[in-house]
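*Asks:* Dropping a prediction and its sequence here:
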Amino acid sequence: MPKADINKAGWEQSEFPILCETCLGGNPFVRMSKQEYGRSCGTCARPFTVFRWNPGQGARFKTTVICQTCAKVKNVCQTCLLDLEYGLPTQVRDTALGVQSDAPNSDINREYYAQNMESKLEGNKSALASLKTSSAGKEMLKQLARTDPYYKRNRPHICSFFAKGECKRGDECPYRHEKPVENELSHQNLQDRYHGKNDPVARKILSQNAESAGLKPPDDISVTSLFLSSLPSTSTELTIRTHVLNSLPSVQPTQLKSVVHVEKTKCAFINFRERSVAETAAQAWANGLEIDGEMVMVKWGRSRPSQPTNLASLPVAGPSSVAAVS
């Protein structure tokens with residue numbers, strides 16, 4: 001075998017990309033260019049076959065940014081990195097289904113991991129197909145899913161010359177003449193979007209869904225507990241703790257402060273150590289939490305009432321104290 005072929009061992013070669021309907025575009029006769037080993041994958045850094053095409057009139061040219069193996073591992077589009085089934089960010093999907101990716105984030109093992117996953121995944125099979133997920137999470141994704149293509153996402157980028165006030169091309173300019181909006185949604189990292197961590201778009205979707213379900217975080221930031229009601233009669237403190245941690249794979253056991261189970265009223269208080277963790281749990285349980293085959297209702301805990309000042313315990317000012325003050 002030639003030396004060049006040995007160096008290409010483990011590199012990915014494909015005939016057609018894995019794309020969502022939005023990125024592919026509405027034109028059934030789309031023309032694509034193909035370049036073998038055109039770039040390194042944005043997640044595993046392995047060279048792969050790159051595809052480039054124009055999804056429609058007035059749209060910008062699009063290209064694949066991750067390899068097919070990484071796309072199958074997370075069941076996402078090779079271009080926009082959104083879930084192929086629901087059209088949502090991976091952080092939204094993984095939070096709803098209680099799924100945690102075991103893919104390494106470091107440069108040391110990610111190429112080795114991708115090669116092993118490539119041998120396990122056959123055809124277009126996804127790594128998420130065999131996972132057991134809760135019915136509440138699936139129902140939540142069905143409500144949030146984008147069923148129709150969103151071709152607005154294929155628009156040209158904003159003209160940098162227009163933003164500086166220097167573009168003189170007018171209507172002939174192939175880019176959009178709009179002022180860029182500076183917020184957290186305009187700064188997204190490919191790695192974070194793929195692994196479902198610190199994704200601003202996902203946080204916005206999850207927070208809006210939690211508010212619509214009546215789980216808006218209380219103004220009192222000291223509230224870090226959630227209230228579970230209508231628990232099954234077979235529930236115990238141990239089973240509740242187990243289901244809570246299993247539904248929140250990104251939460252460490254040490255971040256769970258305590259679980260107070262009131263067996264008589266079939267309710268429980270889930271106390272977290274940090275407010276951010278409690279908000280993550282509320283977003284994941286917006287459609288309820290499944291425990292022992294039954295759906296449990298979730299609400300935010302209440303603020304502790306401020307302790308009233310005990311006037312009887314205060315010293316009474318006598319004549320001597322008044323004189324000392326004067």
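*Replies:* Cool, the structure landed.
*Asks:* other SSEs contacting the biggest helix by length in the chain?
*Replies:* The longest helix of the chain (DSSP state H) is helix 200-212. Applying 3 or more C-beta pairs under 8 Å, 6 or more residues apart in numbering; DSSP states H and E, one finds that helix 200-212 contacts helix 90-97, helix 135-144, helix 275-284. The way it works is simple: take the backbone N, C-alpha and C, and place the C-beta from them, glycine included.
*Asks:* Which of these has the lowest mean pLDDT?
*Replies:* Across these, helix 135-144 has the smallest mean pLDDT, namely a mean of 86.
*Asks:* Can you give the contact residues for whatever helix or strand comes next after that helix?
*Replies:* Using DSSP states H and E, the helix or strand that follows helix 135-144 in sequence is helix 160-164. The contact list for helix 160-164, computed with C-beta atoms under 8 Å, 6 or more residues apart in numbering, reads 167, 169, 173, 175, 176, 177, 178, 179, 180.
*Asks:* Report the buried residues of helix 160-164.
*Replies:* residue 162 (16 or more other C-beta atoms under 10 Å).
*Asks:* And it, how far out from the chain middle?
*Replies:* 32 Å (C-alpha atoms, centre = their mean, to the nearest Å).
*Asks:* what's downstream of it, the next helix or strand?
*Replies:* Sequence-wise, the next helix or strand downstream of helix 160-164 (DSSP H and E) is helix 190-195.
*Asks:* could you dump that following helix to CSV, C-alpha only?
*Replies:* Below are the C-alpha coordinates for helix 190-195, written out as CSV (Å, rounded to 0.1, in the frame of the first residue of the first chain):
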residue,chain,number,x,y,z
LEU,A,190,-19.6,25.0,16.8
GLN,A,191,-18.3,22.7,19.5
ASP,A,192,-20.8,23.9,22.1
ARG,A,193,-23.7,23.7,19.6
TYR,A,194,-22.7,20.1,18.7
HIS,A,195,-22.2,18.8,22.2
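*Asks:* list the contacts for the most centrally placed residue in the chain?
*Replies:* The structure's the chain has its C-alpha centroid closest to residue 91; by C-alpha atoms, centre = their mean the separation is 1.4 Å. By C-beta under 8 Å, 6+ apart, the contact list for residue 91 reads 193, 196, 197, 199, 202, 203, 206.
*Asks:* 10 Å - rerun?
*Replies:* The neighbours of residue 91, taking C-beta atoms under 10 Å, 6 or more residues apart in numbering as the test, are 192-203, 205-206, 250, 283.
*Asks:* Please apply the same query to residue 245.
*Replies:* Residue 245 makes contact with 98, 251, 252, 253, 255, 256, 259, according to C-beta under 10 Å, 6+ apart.
*Asks:* Adding pLDDT, secondary structure and neighbour count, write those out as a markdown table.
*Replies:* As requested, the contacts of residue 245 are exported to a markdown table (pLDDT from 0 to 100; DSSP: H, G, I helix; E, B strand; the rest coil; neighbours: other C-beta atoms under 10 Å):
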| residue | pLDDT | secondary structure | neighbour count |
| --- | --- | --- | --- |
| 98 | 84 | coil | 23 |
| 251 | 86 | coil | 19 |
| 252 | 89 | coil | 11 |
| 253 | 89 | helix | 8 |
| 255 | 92 | helix | 17 |
| 256 | 93 | strand | 18 |
| 259 | 93 | strand | 19 |
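*Asks:* ok so, going back, only whichever of the contacts of residue 91 are buried, select them in PyMOL.
*Replies:* Here the buried members of the contacts of residue 91 are turned into a PyMOL selection, burial being counted by 16+ other C-beta under 10 Å:
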select buried, resi 192+193+194+195+196+197+199+200+201+202+203+205+206+250+283
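*Asks:* what's the most distant pair in the contacts of residue 91?
*Replies:* Using C-beta to C-beta, the pair of those lying farthest apart is 194 and 283, separated by 19.8 Å.
*Asks:* Show me the strands in the stretch 1-150 of the chain, by range?
*Replies:* All strands of the stretch 1-150 of the chain, identified by DSSP state E, counting those that start in this stretch, fall at 32-40, 47-53, 62-63.
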